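> Just to be clear, the model below is a prediction. Sequence and coordinates:
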Amino acid sequence: MFSPIGQNSQWVRTRTEADAKAYIKEKRAEQERSSATGTGTLVLTGVIVLLLVGYAVYSWLA
């Protein structure tokens, strides 16, 4: 089945209602994954903060 979208008469094909629901569900899951902070980011941020604190303490004591 075909359905028009917008005023430009663009057409999008959807096979079944279940396919459309699965597509929307996957898109939402993809958005959640992309907005969540990963473990690697947290570890890298922690290492950088520790290095900066260490450098500040070293320069303060020296």
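In hand now; what should we look at?
> Which pLDDT value goes with residue 35?
Here the pLDDT value assigned to residue 35 is 79.
> Repeat that for residue 7.
54.
> Also residue 14?
58.
> What of residue 40?
88.
> Can you tell me the element it falls in?
Using DSSP states H and E, residue 40 sits within helix 39-61.
> Any idea how far that helix is from the middle of the chain?
Remark: helix 39-61 is offset 26 Å from the chain centroid, using Cα atoms, centre = their mean, to the nearest Å.
> which helices and strands sit right next to it?
Packing contacts for helix 39-61, counted by 3 or more Cβ pairs under 8 Å, 6 or more residues apart in numbering; DSSP states H and E, involve no helix or strand. (Each C-beta comes from the backbone N, C-alpha and C, glycine too.)
> Which residue lies nearest the spatial centre of this structure?
Geometric centre of the chain, nearest residue: residue 34, 1.0 Å, by Cα atoms, centre = their mean.
> Look up which helix or strand that one falls in, please.
Secondary structure (DSSP H and E) places residue 34 in helix 17-35.
> Alpha carbons of that helix, in CSV - could you do that?
Listed next in CSV are the C-alpha coordinates belonging to helix 17-35 (Å, rounded to 0.1, in the frame of the first residue of the first chain):
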residue,chain,number,x,y,z
GLU,A,17,1.1,-2.8,9.8
ALA,A,18,3.5,-5.0,11.8
ASP,A,19,6.4,-3.9,9.7
ALA,A,20,5.5,-0.3,10.3
LYS,A,21,5.3,-0.9,14.1
ALA,A,22,8.6,-2.7,14.1
TYR,A,23,10.3,0.1,12.2
ILE,A,24,9.0,2.7,14.6
LYS,A,25,10.1,0.6,17.6
GLU,A,26,13.6,0.2,16.2
LYS,A,27,13.9,3.9,15.5
ARG,A,28,12.9,4.7,19.1
ALA,A,29,15.4,2.2,20.4
GLU,A,30,18.1,3.7,18.2
GLN,A,31,17.4,7.2,19.5
GLU,A,32,17.6,5.9,23.1
ARG,A,33,21.0,4.3,22.4
SER,A,34,22.4,7.3,20.7
SER,A,35,21.4,9.7,23.6
